[in-house]
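Enquirer: any chance you could fold what I've pasted below:
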Amino acid sequence: MVDDTIPVRPGEELNIGALEGFLRKNVLDLPNEPLELQQFSMGYSNLTYQLKVGEWEAVLRRPPLGPVAPKAHDMKREHHILSSINPYFQAAPEPILFSDDESVAGAPFFLMERKHGIVIDTEFPKGIEPTVEKCRQLSYVMVNRLADLHSIPYEKTGLVEISKPEGFIERQVHGWISRYERAKTDEIKEIRPLINYFQQNIPKYSQTSIIHYDYKINNAMFNQDLTEMVGLFDWEMSTIGDPLADLGVALSYWTESGDPELIKIGVGQASVTTLTGFLTRREFIETYAARSGRDVTNVDFYLTFGYFKLAVILQQIYYRYKKGQTDDPRFSNLGKTVKSLLTHAANVAAKEV
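Expert: Next up, the predicted model:
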């Protein structure tokens, strides 16, 4: 088993006494042993912790420190999403409880099932050789589970009550443009033609399904031989919407060896998807189309929008860093990554028009 946790980062500690007291009041049959707390090392957004009391374990998620964007990091909503999806999609962790008592973890939070397996990001774990065959196999698991998620009969889930599928992509375009304007820190010349492109090319027809909307390889967990996805995390953006928007977001994360350097390295090192054997984005699209039976004619629009959405998410984090709302040094160079993503998105859009 790969160790995916670290000691809690300075400044992101929780009140262990308050948390343990809460657990003993609200979790049945908790062992009579002290609470152990660790933090998951990956992720730039919500804070995620491993809780252990003897053999009992769970995961706690809460929003990041400091002010957050409106409607972002809604823990109650994410808990509801997992409650709705877990019965149909076992890779989604089973939720345990939600609490808005900020005295426990400093913000609203929820607890969910702790899954175990292999998480892959910029390299394969020690002992696993990244052969062409394994890379190919992992690619197909990623594509097929995305198509499977989109095949769930969403009308039977609790997501219907918090979703408005009609006009989804139009609202998304205007909504993410507004988020960018609110979080803007630098003038980037590519942004205006890119916004014009989105506004003028919104698809007139869109399909509807459950979407994850942050689907990437390091949000997934796999079994030991990498043949199955045993976990899929970070469901806060999930909703009922256009599955091609979900595909576009997945493709924006699925970097290739020939991509511009800043696109490949993103916020650190290049993803494993740049290794020989992983599907290209075009092969990913073709495999998804074959598995799902969906029309992917307009996929380039959705890929361009996926790059833009990713740029806005990073810009929101960079805005918090620039305003002194967080001093995490990992965020200091995000401005360059945002500019690179917007430039790349504008180049992709220019090839379509």
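
Enquirer: where along the protein do the strands fall?
Expert: Listed in chain order, the strands of the chain (DSSP state E) span 5-6, 35-40, 47-53, 56-62, 95-99, 109-112, 209-211, 220-222, 229-232, 239-241.

Enquirer: state the distance from Ser209 to Gly241.
Expert: As judged by C-beta to C-beta, to the nearest Å, Ser209 and Gly241 stand 8 Å apart. Yep, even glycine has a C-beta here, placed from its N, CA and C like the rest.

Enquirer: out of the two, which sits in the more crowded spot?
Expert: Gly241 (25 against 21; other C-beta atoms under 10 Å).

Enquirer: how close does the closest residue to Ser292 other than its chain neighbours sit to Leu244?
Expert: Nearest residue to Ser292 in three dimensions, chain neighbours excluded: Ala147, at 4.1 Å (C-beta to C-beta, 6 or more residues apart in numbering). Going from Ala147 to Leu244 by C-beta to C-beta gives 12 Å.

Enquirer: more crowded one of these two?
Expert: Each of Ala147 and Leu244 has its neighbours counted (other C-beta under 10 Å); Leu244 has more, 30 against 20.

Enquirer: which helix or strand in the chain has the lowest average pLDDT?
Expert: Ranked by mean pLDDT, DSSP states H and E, the weakest helix or strand in the chain is helix 261-265, scoring a mean of 85.

Enquirer: not counting its own residues, what contacts that helix?
Expert: Outside helix 261-265, the residues within contact range by C-beta atoms under 8 Å, 6 or more residues apart in numbering are Thr255, Glu256, Ser257, Ala270, Ser271, Thr274, Lys336, Thr337, Ser340, Leu341, His344.

Enquirer: so what are the domain limits for the protein?
Expert: Domain segmentation of the chain under automatic domain parsing yields 5-112, 132-352.

Enquirer: Ile118: which of those is closest?
Expert: Across the domains of the chain, Ile118 has its closest neighbour in domain 132-352 (4.8 Å, C-beta to C-beta).

Enquirer: distance between the closest one and the chain's centre?
Expert: From the chain centre to the centre of domain 132-352 is a distance of 9 Å (C-alpha atoms, centre = their mean, to the nearest Å).

Enquirer: of the contacts of helix 261-265, buried ones?
Expert: Thr255, Glu256, Ala270, Ser271, Thr274, Thr337, Ser340, Leu341, His344 (16 or more other C-beta atoms under 10 Å).

Enquirer: ignoring the adjacent residues along the chain, who's closest to the fifth one?
Expert: Translated: Thr274. Leaving aside its chain neighbours, Thr274 sits nearest to Ser257 (4.6 Å; criterion: C-beta to C-beta, 6+ apart).

Enquirer: kindly report the same for the fourth one.
Expert: Nearest residue to Ser271 in three dimensions, chain neighbours excluded: Thr255, at 5.2 Å (C-beta to C-beta, 6+ apart).

Enquirer: and the pLDDT at that neighbour?
Expert: pLDDT for Thr255: 95.

Enquirer: that one contacts Gln269, doesn't it?
Expert: No. If you go by C-beta atoms under 8 Å, Thr255 and Gln269 don't touch, sitting 10.9 Å apart.

Enquirer: one step back: show me which positions of the least confident helix or strand of the chain end up buried.
Expert: Using 16+ other C-beta under 10 Å as the burial criterion, the residues of helix 261-265 that qualify are Leu262, Ile263, Lys264, Ile265.

Enquirer: how near is the first one to Ile317?
Expert: Here Leu262 is placed at a distance of 16 Å from Ile317 (C-beta to C-beta).

Enquirer: take the buried ones among the contacts of helix 261-265 and keep only those in helices.
Expert: Using DSSP state H, the members of the buried ones among the contacts of helix 261-265 that fall in helices are Thr337, Ser340, Leu341, His344.

Enquirer: what's the local residue count around the closest residue to Ser151 other than its chain neighbours?
Expert: Leaving aside its sequence neighbours, Ser151 sits nearest to Ser292 (C-beta to C-beta, 6+ apart; 6.9 Å). Residue crowding around Ser292 was assessed by other C-beta under 10 Å; the count is 22.

Enquirer: please report how far Ser292 lies from Gly66.
Expert: The spacing between Ser292 and Gly66, counted by C-beta to C-beta, is 39 Å.

Enquirer: same thing with Leu247?
Expert: 33 Å.

Enquirer: neighbour count for those two, which is higher?
Expert: Set side by side, Leu247 and Gly66 show more neighbours around Leu247, with 28 against 12, by other C-beta under 10 Å.

Enquirer: who's in contact with that one?
Expert: Leu146, Ile285, Tyr288, Val296, Val299, Tyr302.

Enquirer: distance-wise, check it relative to Thr185.
Expert: 30 Å.

Enquirer: please apply the same query to Tyr49.
Expert: For Tyr49, the distance to Thr185 - C-beta to C-beta - is 30 Å.

Enquirer: more crowded one of those two?
Expert: With neighbours defined as other C-beta under 10 Å, Tyr49 and Thr185 compare such that Tyr49 has more, 22 against 14.

Enquirer: burial check on the closest residue to the more buried one other than its chain neighbours, number of neighbours?
Expert: Spatially, and ignoring its direct neighbours in sequence, Tyr49 is nearest to Leu60 (4.6 Å; C-beta to C-beta, 6+ apart). The number of residues packed near Leu60 is 24, by other C-beta under 10 Å.
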